[in-house]
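A.B. asks: Okay, predicted coordinates and the sequence, questions at the end:
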Amino acid sequence: MKAARYAIIAVLVLAASLGGWLYVLLYVPVGGGRQTIRFTVEEGAGTRDVAAALKAHGLIRSASAFRLAAAWGDGWRRAIAGDYALRRDINTVEILRTIQSGSVISEWVTVPEGLCLRQVAELVEAKGLGSQDEFLSVVDSPGDFNITFPRPERGLEGYLFPDTYKVARHPGASGDLVGMMLARFDEVVWQDVLKGRHPAEVGRGNPGSAADSPISSLHELITLASMVEGEAKLDADRPIVAAVLTNRLKLDMKLECDATVQYALGAGRKERLTYDDLKLPSPYNTYLHPGLPPGPINSPGRASIEAALHPAVVPYLFYVARPDGSHIFSRTYAEHLRAIARARAERRAQESQ
């Protein structure tokens, strides 16, 4: 009888000890202040892999205890891959709940106006939101994004609206960003600037409107706007640059737009084009081919899109950039040659200082 009592006491003591130790493993933080560790749960990772990685990072006391906690219920099947900000002053159960909830880190990503898809892909990779190939793969096969504007037939170049976005760091981050940018284009360009109408229907009868220009589709509008974005550095110049390009289109003149040649050069873009560059055999070379290029050459901002939709009413057919980014506009080729000489003189004077 006494032996049985001692056995029961021993079992109770052992159970209490094990329970206490398990409590420590699960509910007492490892410690180390509020230091935050960036921890990644890989797509398809199992509980053993994640537990071992957490232990290696010093975030939990026991991988076995973590796996035990994860085995309760069906919690582990709800774990979401991605990057998490885990502090050393939270316990194992709290870490498990964070991973199960999918509370991944979010990054603020600012996409400037005028970037082409390849440059946006480089930005996405630099932000750790996926590789360039992953981003470009989403762009090439965009899937069923919720948009109301006419879906482009030649890819998404020009339709990813430049803005600042908050993107969760997880394996689908590239797709999330593309969806956000398309939704922003829908909101700003299609629903606001165009009011859900095709460019030819906007401002009909207004001398400076698209109704009096050769632009008759959303695709053509964004293509022209991207050229304005690539050429004009100052907002005041955008409607006039748009007018020059539109005036040349009306007269069947080649657009001779440097920005389209830079796009054709791809990763080989240059600060200044050479005469040989202007002979580049590409459908985007507007020195060789009349009319608009096949599609947009970058992601234009709202100012460039509005300038393309409502170009200034001016007689200019030429422009040349000055060292400060502004342009000299001319009506005739003779005036243009004088403007080129003036811009070159200003550049030489600047470089000699």
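C.D. replies: Arrived safely, thanks for sending. Residues are numbered from 1 along each chain as shown.
A.B. asks: ok, now which ones touch the residue nearest to Lys279 when sequence neighbours are not counted?
C.D. replies: Nearest residue to Lys279, sequence neighbours excluded (C-beta to C-beta, 6 or more residues apart in numbering): Leu288, at 7.3 Å. Where C-beta positions appear, they are placed from N, C-alpha and C, glycine not excepted. By C-beta atoms under 8 Å, 6 or more residues apart in numbering, the contact list for Leu288 reads 254, 278-282.
A.B. asks: Leu288 and Cys257, how far apart?
C.D. replies: From Leu288 across to Cys257, the span is 12 Å (C-beta to C-beta, to the nearest Å).
A.B. asks: Next, count neighbours for Val109.
C.D. replies: The burial count assigned to Val109 is 20, neighbours taken as other C-beta atoms under 10 Å.
A.B. asks: Report the secondary structure state of it.
C.D. replies: Under DSSP: H, G, I helix; E, B strand; the rest coil, Val109 falls in the strand class.
A.B. asks: Hmm, it is touching Glu125, no?
C.D. replies: No - applying C-beta atoms under 8 Å, one finds Val109 not in contact with Glu125, separated by 11.3 Å.
A.B. asks: Redo the contacts of Leu288 as TSV? Include secondary structure and pLDDT.
C.D. replies: Listed next are the contacts of Leu288 as TSV, based on DSSP: H, G, I helix; E, B strand; the rest coil; pLDDT from 0 to 100:
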residue	secondary structure	pLDDT
Lys254	coil	97
Leu278	helix	93
Lys279	helix	92
Leu280	coil	92
Pro281	coil	93
Ser282	coil	95
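A.B. asks: Please, where are all the helices along this structure?
C.D. replies: For the chain, the helices defined by DSSP state H occupy 2-27, 47-56, 63-71, 92-101, 117-126, 132-140, 173-185, 218-231, 238-250, 258-265, 302-309, 333-352.
A.B. asks: coming back round to it: buried only: go through the contacts of Leu288 for me.
C.D. replies: Listed as buried from the contacts of Leu288 are 280, 282; burial here means 16 or more other C-beta atoms under 10 Å.
A.B. asks: Which of the contacts of Leu288 sits closest to Leu182?
C.D. replies: Leu182 has its nearest neighbour among those in Ser282, at 26.7 Å by C-beta to C-beta.
A.B. asks: thinking again about what came up before, would you point out the most distant pair within the contacts of Leu288?
C.D. replies: Greatest spacing in the contacts of Leu288, by C-beta to C-beta: Lys254 and Pro281 (15.0 Å).
A.B. asks: How many neighbouring residues does Asp133 have?
C.D. replies: Quick note: Asp133 (other C-beta under 10 Å) scores 11 neighbours.
A.B. asks: Much appreciated, bye for now.
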